[in-house]
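Visitor: have a look; sequence and predicted model below, questions after that.
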Amino acid sequence: MSLGLPAGITTAMAAVVVAAYGLGWMGTGLAPWLVTAIGVLSGAAICLATGSRHAAALAAPLWAWGLVFGAVLAMLIWPVWPALLPPGGASDLTHHLMLVDAIERTRHLVNGASSEAALGEMAHYTPGLHLLVAIAGSLVGVDAYRTMYPLLAITIALKGAFLFLIAYVAAGEMRARLPIALSAVGLVLFAPRAYSLDGFLQAGFFAQVAAELFVVAGWWALARWWLERRGAWMAMVGVMGAAVFLVWPIWIGPLMIAVALGLMCARGLRWRARVQAGALAVAPFAAVAVMHLSQHAAWLGMAGTSGAVPRFVPGPLGWVLIILALAGALAGRFAGTRVTLWFAGGIALQALALWGLAHARGADTAYMAMKMIYLAVYPAAVLGAVGIGRAVQWIPRAATAASWAVGVAVVAVGLHAASASPVPAPLVDVDLDAAGRWARTNLPPACVDYIVDNAEQAYWLHLAVMGQPRSSPRTADIDGYTANRAIGRWLEGKSPPYVVARRHLLPGEMVGDADGVGDAEIVHAFGSAVVIHRRGVACPLTIGD
């Protein structure tokens, strides 16, 4: 194995995103096999160009990279097997699924101006993740619900594996670098869960989480360029930067700041080589940014928006993680650590800029500035691992044994802490989806009500499944679609004549019980979900059952 393997895998994924968006921007429909072929060829090219000439010396860290990937992936897949539905998610999940649905139905990118009423701000959202979900689902013949979670789990597992490789570079010439680097993965799992895992498992920040893979992979490629000065590494940075912008643009700043600092600080590099390296890293991101903003300039308004993010707490390690990170920062004399310091500095600079923008616009909270904490935990973990390495080096005769003991302990406890937390129940439901899609095809939307678990599930069903616009009085009143309130409307005769419902939530007086017949008839059943109709009330089918 060589370093070309992780570089090629991630480049292939990023190239699929960039190729799909580029073809879509030119008006070409979604072409899954074509963009996949482009991605595979791009990944193969980077794999060959970045392959190490000293593959034998890198065998151990590359095997560890694979083990980290497999362990994190198994940890994420196990709790949701075999359904593979995304847990939690709230309204953000619904909004992402709406955009995936629009791309899958039309086979094209959305037109921002004409889609605002239907999609809200998602009409101008960068659709990198949504294209990747649509393409992956099309290739394997699986719906978006079962595609999104495994795809995101893969990006998180790869991100953890790249974090290990970055820490391996940052550890420099320390003894027993491998366990020291492994401890970085454990520290991320130890980090405030609200930032390390809950953005994915609880809050539904799916595009943000997916973009973290590409920005971390770009950070690693920049660290490799700093050591080797090979143009292929900067080319990988460029592809990662383009993918970052198309998936979640907010993360692009720290990576580009680190690139700029690297180019300025590279000694003995001629100006022409600096320009060439800079062009490789910046041009792909700049090109897709111009393409997107030429049609979706309204996206810029999101940078100063308000929103809710968790209050910062240091997590299970308390301030120990911060102290370890500061200790690791003092190891800046190691060549591999400098890139991480530049990346961390870029996060701080962008957070300050976003805070200033939010303050100038009078936003209630500096939402995007606070979001930078989600990215900051990764350089903190790498520097924390380096801090651990610095500490154990003071044990001259047992440094290697101590490194392994600490590294394995941190990873084990981190994995236990992460896996011990409960995974929320999924918002989406395949039976309700089938019932909702039947209703969407056969019934006027105004004729359909929802009796489901909670208002968030009704919100998903109304928008992502029934395809109803976000800008409508009915959507604004979606909090009224709790099971009890919807049943109350039915019993009072104030609800539409058709209802998409969970069967077990329906009382006997609606659909009948052992003593008699209710005032509703079941039109279609889809597992645990049903479509019911009020007897004697007309609402014509558009296609027929």
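Guide: Yes, it's here.
Visitor: the stretch 51-200 of the chain: helices as residue ranges?
Guide: 59-77, 90-106, 112-119, 128-140, 144-170, 177-190, 193-196, 198-201 (DSSP state H, counting those that start in this stretch).
Visitor: helices or strands up against the fifth one?
Guide: Contact here means 3 or more Cβ pairs under 8 Å, 6 or more residues apart in numbering; DSSP states H and E; on that basis helix 144-170 packs against helix 4-25, helix 59-77, helix 90-106, helix 128-140, helix 177-190, helix 206-228, helix 335-360, helix 367-392. Every C-beta, even on glycine, is put in place using the N, C-alpha and C of the backbone.
Visitor: that helix versus helix 335-360: what angle between them?
Guide: 130 degrees (axes from the mean of the first three to the mean of the last three Cα atoms, to 10 degrees).
Visitor: can you add mean neighbour count, distance to residue 401 and mean pLDDT and give the helices and strands packed on helix 144-170 back as a markdown table?
Guide: Formatted as a markdown table, the helices and strands packed on helix 144-170 follow (neighbours: other Cβ atoms under 10 Å; distance: least, Cβ to Cβ, whole Å; pLDDT from 0 to 100):
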| stretch | mean neighbour count | distance to residue 401 | mean pLDDT |
| --- | --- | --- | --- |
| helix 4-25 | 24 | 29 | 94 |
| helix 59-77 | 17 | 17 | 88 |
| helix 90-106 | 21 | 46 | 85 |
| helix 128-140 | 23 | 43 | 93 |
| helix 177-190 | 27 | 10 | 84 |
| helix 206-228 | 26 | 28 | 93 |
| helix 335-360 | 19 | 23 | 87 |
| helix 367-392 | 25 | 9 | 86 |
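Visitor: how about those helices in CSV, adding distance to residue 522?
Guide: Listed next are these as CSV, based on distance: least, Cβ to Cβ, whole Å:
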stretch, distance to residue 522
helix 4-25, 41
helix 59-77, 35
helix 90-106, 26
helix 128-140, 30
helix 177-190, 47
helix 206-228, 35
helix 335-360, 51
helix 367-392, 45
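Visitor: distance of residue 125 from residue 242?
Guide: Distance, residue 125 to residue 242, using Cβ to Cβ, to the nearest Å: 16 Å.
Visitor: who's more crowded, these two?
Guide: residue 242 (29 against 24; other Cβ atoms under 10 Å).
Visitor: helix, strand or coil for residue 431?
Guide: helix (DSSP: H, G, I helix; E, B strand; the rest coil).
Visitor: and this protein, what are its domains?
Guide: 4-297+314-420, 430-534 (automatic domain parsing).
Visitor: avg pLDDT for the last one?
Guide: What it means is domain 430-534. Across domain 430-534, the average pLDDT comes to 82.
Visitor: what's the first-to-last distance across it?
Guide: 24 Å (Cα to Cα, to the nearest Å).
Visitor: ok, and the closest non-adjacent residue to residue 384?
Guide: residue 324 (3.8 Å; Cβ to Cβ, 6 or more residues apart in numbering).
Visitor: just the mean pLDDT for the strand or helix carrying the one you found, thanks.
Guide: Under the criterion of DSSP states H and E, residue 324 resides in helix 320-329. Across helix 320-329, the average pLDDT comes to 80.
Visitor: I'd guessed residue 497 sits against residue 447; true?
Guide: Yes. Judged on Cβ atoms under 8 Å, residue 497 makes contact with residue 447 at a distance of 5.9 Å.
Visitor: give me the common contacts of those two.
Guide: Here residue 497 and residue 447 share the contacting residues residue 539, scored by Cβ atoms under 8 Å, 6 or more residues apart in numbering.
Visitor: distance between stretch 381-389 and the chain's centre?
Guide: Centroid separation for stretch 381-389 versus its chain: 25 Å, with Cα atoms, centre = their mean, to the nearest Å.
Visitor: for stretch 233-246, same thing?
Guide: Distance, centroid of stretch 233-246 to centroid of chain: 16 Å (Cα atoms, centre = their mean).
Visitor: what mean pLDDT does it get?
Guide: 96.
Visitor: tell me if residue 269 really is in a strand.
Guide: No. Looking at residue 269 with three-state DSSP, it is coil, so not inside a strand.
Visitor: quick check: buried residues in stretch 431-443?
Guide: Neighbour-count burial for stretch 431-443 flags 432-436, 438-440, 442-443 (criterion: 16 or more other Cβ atoms under 10 Å).
Visitor: let's see that stretch as CSV, backbone CA atoms only.
Guide: The C-alpha coordinates for stretch 431-443 follow below in CSV (Å, rounded to 0.1, in the frame of the first residue of the first chain):
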residue,chain,number,x,y,z
ASP,A,431,-43.8,3.0,5.3
LEU,A,432,-44.9,6.6,5.8
ASP,A,433,-42.8,7.5,2.8
ALA,A,434,-44.6,4.9,0.6
ALA,A,435,-48.0,6.1,1.8
GLY,A,436,-47.1,9.7,1.3
ARG,A,437,-45.8,9.1,-2.2
TRP,A,438,-49.1,7.3,-3.1
ALA,A,439,-51.0,10.2,-1.8
ARG,A,440,-48.8,12.6,-3.7
THR,A,441,-49.4,10.8,-6.9
ASN,A,442,-53.2,10.2,-6.5
LEU,A,443,-54.6,13.0,-4.4
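Visitor: what lies in contact with stretch 98-112?
Guide: Residues from elsewhere that reach stretch 98-112 (Cβ under 8 Å, 6+ apart): 21, 24-25, 27, 29-30, 115, 118-119, 122-125, 127, 130-131, 133-134, 137-138, 144, 148, 295-296, 298, 463-464, 467, 470.
Visitor: relative to the whole chain's centre, how far out is that stretch?
Guide: Per Cα atoms, centre = their mean, the centroid offset for stretch 98-112 relative to its chain is 19 Å.
Visitor: restrict it to CA atoms and write it as PDB.
Guide: Taking C-alpha atoms only, stretch 98-112 is exported to PDB below (Å, rounded to 0.1, in the frame of the first residue of the first chain):
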ATOM      1  CA  MET A  98     -36.300  18.200  -0.200                       C
ATOM      2  CA  LEU A  99     -33.300  19.200  -2.300                       C
ATOM      3  CA  VAL A 100     -32.300  15.600  -3.000                       C
ATOM      4  CA  ASP A 101     -35.900  14.900  -4.100                       C
ATOM      5  CA  ALA A 102     -35.900  17.900  -6.400                       C
ATOM      6  CA  ILE A 103     -32.600  16.700  -8.100                       C
ATOM      7  CA  GLU A 104     -33.800  13.100  -8.400                       C
ATOM      8  CA  ARG A 105     -37.200  14.100  -9.900                       C
ATOM      9  CA  THR A 106     -35.900  16.600 -12.400                       C
ATOM     10  CA  ARG A 107     -32.400  15.100 -13.000                       C
ATOM     11  CA  HIS A 108     -31.100  18.600 -13.100                       C
ATOM     12  CA  LEU A 109     -29.800  21.300 -10.700                       C
ATOM     13  CA  VAL A 110     -32.500  23.500  -9.200                       C
ATOM     14  CA  ASN A 111     -33.200  27.000 -10.600                       C
ATOM     15  CA  GLY A 112     -32.800  29.300  -7.600                       C
END
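Visitor: okay, residue 218 and residue 422: tell me how far apart.
Guide: Distance from residue 218 to residue 422, by Cβ to Cβ: 33 Å.
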